[in-house]
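Asks: Fold the following.
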Amino acid sequence: MTRFQKLAVATTTTTFALIGVGALVRATGSGEGCPNWPGCDPGRFLPPLRYHPLIEWSHRTLVGIDTILVAILLVAAIVSYRKTRAILIPSIIAFGLIVAEAILGGIVVKGDLHATLVTAHFAVAMCLVGVLVVLTTTTFLLREATPPEAPANRGFARLAVVTAAATFALLLVGAYVRGKGAGLAFPDWPLMNGRLVPQLGGIASLMFVHRVLAAVVGLLVVYVGIRAWATQRGDRAIVVLSTVAVGLFLVQIVVGGILVRTKLAAAPRVAHVLLASLVWGALVALSTVAVWRQAGAADSVPEGAAETGSGASLRERTVAYFQLTKPRIILLLLITTIPAMVLADDKFPSVLLVASTLFGGALAAGGANAFNCYLDRDIDQIMRRTRRRPLPSHRVAPENALTFGYVLGALSFFWLATTVNVLAAALALSALAFYVFVYTLWLKRSTAQNIVIGGAAGAVPVLVGWAAVTGTVALPAILLFTVVFVWTPPHFWALSMRYANDYASAGVPMLPVVKGARSTAWNILVYSVLLVAVTIALWPVAGMGVLYVVAAVALGAVFLRRAVQLWRDTKPAVAMRLFKYSIVYLALLFAAVAVDRLIPIGL
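Replies: Below you'll find the predicted structure:
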């Protein structure tokens, strides 16, 4: 590290420290701890050993140190980098900003901490931090020995810049909220007076804007992290900075909740401001690196910059994106949702609630499937069964599929949270995350038990349906979840027996590939027996009637017979017969749950 780099790092670090101490001064009301300037008390330069004077004196001292460091940085830039505009210009701007910051600080105090002045003061401080971060990052980029082989593309650089700009807007709104004393407009975080969309007016409107903007920025920050890990994995700087930004933002959410719950206690107030500046700094650094990389690779064509079928009609594009959601799988998931809602309500719920739940659930499942298509595009290219999907057939660009999945997931959460309830929204989001991160990214390519554990994601819709009606999750809902969970392995293993060669070619360790057809058929039979037992257990737990019991026994008997046939004859055709019946089985079983509750016939 050169001396100029060390100076830049020290100046940037001191500026962050100054922001933290400045927040402490505000949080503790220590602004009048030293009534005189440049001294503290009349007749003395150093502060007395008391709480408020020491805090205010520390703040003043840091202001002086930071000003000196910025001035030295400017002189060093003029001496050593006067021909390097990327270093010289930020150094000049930083000096101008710290002078403006000092002047605004005095105006703010004389202006009795007016909200507009407080916001302006904070905005200048954040601009100073941003400029110093750009300067420091650039010094390292200029001396980078070996740039990454796969530089950031234009789309990612644009996303990083937009996210940083949105974060800056959030910082300004947050500063105005503090200046207006609106921090406790809604004392029941994460809700707002018990609702997601509160009655607006006065400071309530201001805080609502702040929280909505925070949600939007949160989505952008998380998406930046996903895009970095998915498309920029070869660039260590981008991956690290995006991960730091996501981590800091998640901690910031927790601190925001603590801030409200503790009635704006000093410690979380300081942490909230400091974390906000650190998130902003991380995103500015990320944007600097991404733009620098993209500028250095302006002639390259990034993956996913254009779809092969860019000349396709609107209808063809719509069909391709619709296929990304795997609609047949979505339909199967939704089949289990309505009966769960009927069972929870002891009658058919309101049509509006059912429609809202199904729509939100479809968005979540579609988002999960779009993510799956993106992550498994290499496998889909090899397997005959999946070669005609939108990504292997180049009808949708990979990065567009990733964005599509993320948008669907985000819309699902907000739709369910606002039209149904937060628990249903959280359950749907957890299913998406489990399917993407646990099953697709971890289990699918690492263990033959992938579908056993990963099948939990497909069982969550029954919990969403139950939570939509009751706002809770009860034992009958957990048993319905278990039915789908136990049903999934025999259902999917039967299909994988038919396409075992495809899975082997793609290197996916499905059970038929690892253990062979005979062992798979035995496992299917075992799970089939367990499945029938669980379905019958629902009778006493949920108080089911004759209609359901008869249906569960009859449908289960056919399922067991098909499983025994497969154990005796492991031909692919026999496996496919079981696979097709398993779909009919699940649909009829859950239909029996709903009909039994709507037309009760006691035992």
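
Asks: From here on, just use CA atoms for contacts and neighbour counts.
Replies: OK.

Asks: Report the separation between the residue nearest the centre of the chain and residue 539.
Replies: Centroid-nearest residue in the chain, with Cα atoms, centre = their mean: residue 222, separated by 4.5 Å. Distance check for residue 222 against residue 539: by Cα to Cα, to the nearest Å, it reads 43 Å.

Asks: Ok, residue 569 next?
Replies: Applying Cα to Cα, the value for residue 569 to residue 539 is 33 Å.

Asks: residues in contact with stretch 172-184?
Replies: Defining contact as Cα atoms under 8 Å, 6 or more residues apart in numbering, one finds that stretch 172-184 is touched by 113-116, 118-119, 122-123, 203-204, 206-207, 210, 260, 263-264.

Asks: Equivalent analysis for stretch 348-362, please.
Replies: 330, 334, 337-338, 341-342, 411-413, 415-416, 419-420, 428, 461, 464-465, 468-469, 598.

Asks: what do you get for stretch 207-225?
Replies: 156, 159-160, 163, 166-167, 170, 173-174, 177, 182-183, 185-186, 198, 200, 239, 242-243, 245-246, 249, 406, 410.

Asks: per-residue confidence at residue 185?
Replies: In this model, residue 185 is scored at 80, pLDDT.

Asks: so it, which of the three states?
Replies: When classified by DSSP: H, G, I helix; E, B strand; the rest coil, residue 185 comes out as coil.

Asks: cool, the one 5 residues further on as well?
Replies: Using three-state DSSP as the criterion, the local structure at residue 190 reads coil.

Asks: Count the residues that sit near it.
Replies: Residues contacting residue 190 under the criterion other Cα atoms under 10 Å number 17.

Asks: State whether it and residue 256 are indeed in contact, as I suppose.
Replies: No: with contact defined as Cα atoms under 8 Å, residue 190 does not count as touching residue 256 (9.2 Å).

Asks: Now do the helices in the stretch 401-550 of the chain.
Replies: All helices of the stretch 401-550 of the chain, identified by DSSP state H, counting those that start in this stretch, fall at 422-433, 450-454, 456-470, 475-498, 500-506, 511-515, 517-542, 546-568.

Asks: what residues are up against residue 326?
Replies: 366, 369, 370.

Asks: Quick check: helices, which of those residues are part of them?
Replies: Among the contacts of residue 326, the members found in helices (DSSP state H) are 366, 369, 370.

Asks: Most neighbours out of those, which is it?
Replies: Highest neighbour count within the ones in helices among the contacts of residue 326: residue 370, with 30 neighbours (other Cα under 10 Å).

Asks: Need the three-state assignment for residue 33.
Replies: coil.

Asks: Next one, pLDDT for the closest residue to it other than its chain neighbours please.
Replies: Take residue 33 and drop its neighbours on the chain: the residue closest to it by Cα to Cα, 6 or more residues apart in numbering is residue 53, 4.0 Å away. Per-residue confidence (pLDDT) for residue 53: 80.

Asks: Tell me the first helix or strand C-terminal of the helix or strand harbouring residue 158.
Replies: Counting by DSSP states H and E, the secondary-structure element that holds residue 158 is helix 154-180. Using DSSP H and E, the next helix or strand after helix 154-180 towards the C-terminus is helix 203-231.

Asks: Could I get the buried residue list for that following helix?
Replies: 203-204, 206-211, 213-214, 216-231 (16 or more other Cα atoms under 10 Å).

Asks: for the stretch 101-250 of the chain, which spans come out with low pLDDT?
Replies: Low-confidence regions of the stretch 101-250 of the chain, defined here as pLDDT under 70, cover residues 106, 108-114, 145-153.

Asks: and residue 58, how many neighbours?
Replies: The local packing of residue 58 (other Cα under 10 Å) involves 17 other residues.

Asks: Residue 254 now?
Replies: Residue 254 sits with 13 neighbouring residues when counted by other Cα under 10 Å.
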